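Asks: Could you work out the structure for the sequence below:
(chains A, B and C)
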Amino acid sequence: MSVTISVLDWYDKSKRDLPFRNTVNPYCVWLSEVMLQQTQVETVIPYYNKWLEKYPSIRSVALAKQSELLKYWEGLGYYARCRNFHKSAKIIVKYNHGIIPDNWDEFRSLPGVGDYTDAAVLSIAFKQPFPAIDGNIRRVMARILGRRKFSKRNMDIIRSTLYKWIHTEKPGDFNQAMMDLGACVCFPTNPDCMNCPVNRYCKAFASGNPMNYPLKKQHKKIPHHTNVAGIIWCGNQFFIQKRDPSGMLGGLWEFPGGKVESGESLVEALKREIEEECGIGTNIIKQVGSINHAYSHFSITLHLFHCKTNGQVLKPERKHQWITPSEIKQYAFPKANHKLFTILNNNDWCI
DNA sequence: AATCCGTGGCT
DNA sequence: TAGCCAAGGAT
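Replies: Residues are numbered from 1 along each chain as shown, chains lettered A, B, ... in the order given. Reported below is the predicted structural model:
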C-alpha cells in the first residue's frame, strides 16, 4: 500500500456526484476549475450548469460580449476570472483554431491560468501527470509531511513529493482525490483523522495535534467604510453606470455614489460623489434603506437614497444608461446592489 | 512578498 | 459575532 493507492481507493468509494466530475472535456474542466477558484463546490454548481447551457463551447465564449458573460457570472465574485476566461477563449479561437492547448507552457501562458489551473486541466482533461496544488492539498500535504510553514523549501518538498506520488495512469483522479480529502476529511479545523485513509502515513496525526499543521498566519483586520449611493430619477427612468473594466467589480453596473469622508454627512457625500462621477446636480429626496456588505478586504454599510434631476449629464466619466426598473435584469450588478434591489422591491421602487 | 480581488457558510 | 476559509491569479 501507499498514499497513492490509499487515496485513490478512498476516492472510488466516496466519490461525490458533481456535474464537472463526469467529464474530461477540456473546455468543461477548465470552466469548472476557474469557477472553483476560491469558491466552494455548492456555490459553483448552479453557475456552472447555467453557463454551460448558454455557452456550450470555447467558440461560443469567444463570440460572446463580455457584458453577457458577466451576467452569467453575476454574484459569483472575483470577476476578473470571467474577463480572463473570455480573453483566453478569444486567443484560442483566433490563434489556435479553437483548440485548447494540451501542453504546460502554452496553456499556462493564457490569462487567468496559473500553476494550479494548468495542472488541474492537463491532469484531468489530458491525463498528464502534473500535481495540482490548491489550498486543500497544501494543507493535506503539510500535515502528512509534518510541515508547519509554507516556506519555499517546504513547498518544493510538497511539490516533489506529489510528483512522486501522482498516479501516472489516473493523474486527474489523484488530484481530485487529494482535494476531496482536504474538503471532506482533512478539514482546516477538527480534521476527521479517524476516517482518514492515509492517517497511518500522516506525521501531523502521529503528533497527536494535527491542527498544529500548518501554522495559521494572522490576517490583517479589514476596515469598515460608510458608503452612499443614489437612485437618480428622471421621469420613470433612473441612472446606472458601468464600472471601469480593469478594477474592482470591473465591467459591472452600479448606482453612482461612494465613500463618506470623515466629517461629511451622508447627503453631503452623495451630492459630492454624484457631481464628481456624473456631473449632474441632484435633489436628494429621501433615504430608502441601508445594507451591509463584506468584500474580501473591506466591508461597507451602504445607504441608498432616492434623488431627482433634470437628466442632464455634463461629464460622464463612465459608460452610463438611463433605464426603467424592469430593464435592470439585462445588466450585471455586484452582490451589494442585489441587496439594494431587495429593499427597492419591498418598497415597490416608490419615490 | 504582500496585497488586491467577492461571496457564502461556518463557528 | 467577527473572523476564518474556500478547486488562485495578477501585480
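Asks: For the stretch 151-300 of chain A, which residue gets nearest to DNA strand B?
Replies: Closest residue of the stretch 151-300 of chain A to DNA strand B, C-beta to the nearest atom of the strand: A:Ser296 (3.1 Å). C-beta: built from backbone N, CA, C; applies to glycine.
Asks: Quick check on the residue lying closest to that residue once chain neighbours are set aside: phi, psi?
Replies: Computed as C-beta to C-beta, 6 or more residues apart in numbering, the closest residue to A:Ser296 that is not its neighbour in sequence is A:Ile222, at 8.0 Å. Main-chain torsions, A:Ile222, degrees, to the nearest 10: phi -90, psi 140.
Asks: Next up, the contacts around A:Ile222.
Replies: A:Ala294, A:Ser296, A:His297, A:Phe298, A:Ser299 (C-beta atoms under 8 Å, 6 or more residues apart in numbering).
Asks: How about the nearest residue to A:Phe333 once chain neighbours are set aside: which residues does it bridge to?
Replies: Leaving aside its sequence neighbours, A:Phe333 sits nearest to A:Trp253 (C-beta to C-beta, 6+ apart; 5.3 Å). Note on A:Trp253: beta-bridge partners by DSSP bridges are A:Lys242.
Asks: and stretch A:21-40, anywhere near DNA strand C?
Replies: Yes. Stretch A:21-40 lies within reach of DNA strand C by C-beta under 7 Å from any atom of the strand, at A:Arg21, A:Ser32, A:Glu33, A:Leu36, A:Gln37, A:Gln38, A:Thr39, A:Gln40.
Asks: near DNA strand B, anything from the longest helix along chain A?
Replies: Using DSSP state H to assign secondary structure, the helix with the most residues in chain A is helix A:80-95. Yes. Counting by C-beta under 7 Å from any atom of the strand, contacts between helix A:80-95 and DNA strand B involve A:Ala80.
Asks: That helix - contacts with which helices or strands?
Replies: helix A:26-35, helix A:58-63, helix A:66-73 (3 or more C-beta pairs under 8 Å, 6 or more residues apart in numbering; DSSP states H and E).
Asks: which residues are contacting the last one?
Replies: Which is helix A:66-73. A:47, A:50-51, A:54-55, A:61, A:79, A:81-83, A:85-86, A:245, A:251-252, A:330-332.
Asks: Could you do the shortest one as well?
Replies: Residues external to helix A:58-63 that are found in contact with it (C-beta under 8 Å, 6+ apart): A:27, A:54-55, A:69, A:85-86, A:89-90, A:92-94, A:98, A:100.
Asks: now it, how far from the chain's geometric center?
Replies: Put simply, helix A:58-63 sits 20 Å off its chain's centre (C-alpha atoms, centre = their mean, to the nearest Å).
Asks: could I have that helix exported to PDB, CA atoms only?
Replies: This file holds the C-alpha atoms of helix A:58-63, laid out as PDB (Å, rounded to 0.1, in the frame of the first residue of the first chain):
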ATOM      1  CA  ILE A  58     -15.000  27.700 -26.200                       C
ATOM      2  CA  ARG A  59     -16.100  29.300 -29.500                       C
ATOM      3  CA  SER A  60     -19.400  30.400 -28.000                       C
ATOM      4  CA  VAL A  61     -17.500  32.100 -25.200                       C
ATOM      5  CA  ALA A  62     -15.100  33.800 -27.700                       C
ATOM      6  CA  LEU A  63     -18.100  35.100 -29.700                       C
END
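Asks: Next, the buried residues of it.
Replies: A:Ile58, A:Val61, A:Ala62 (16 or more other C-beta atoms under 10 Å).
Asks: can you check the longest one too?
Replies: Of the residues in helix A:26-35, those buried under the neighbour-count criterion (16+ other C-beta under 10 Å) are A:Pro26, A:Tyr27, A:Cys28, A:Val29, A:Trp30, A:Leu31, A:Ser32, A:Glu33, A:Val34, A:Met35.
Asks: can you list the residues of chain A near DNA strand B?
Replies: Residues of chain A lying near DNA strand B (C-beta under 7 Å from any atom of the strand): A:38-40, A:42-43, A:75-80, A:152, A:189, A:220, A:247-250, A:293-297, A:334-336.
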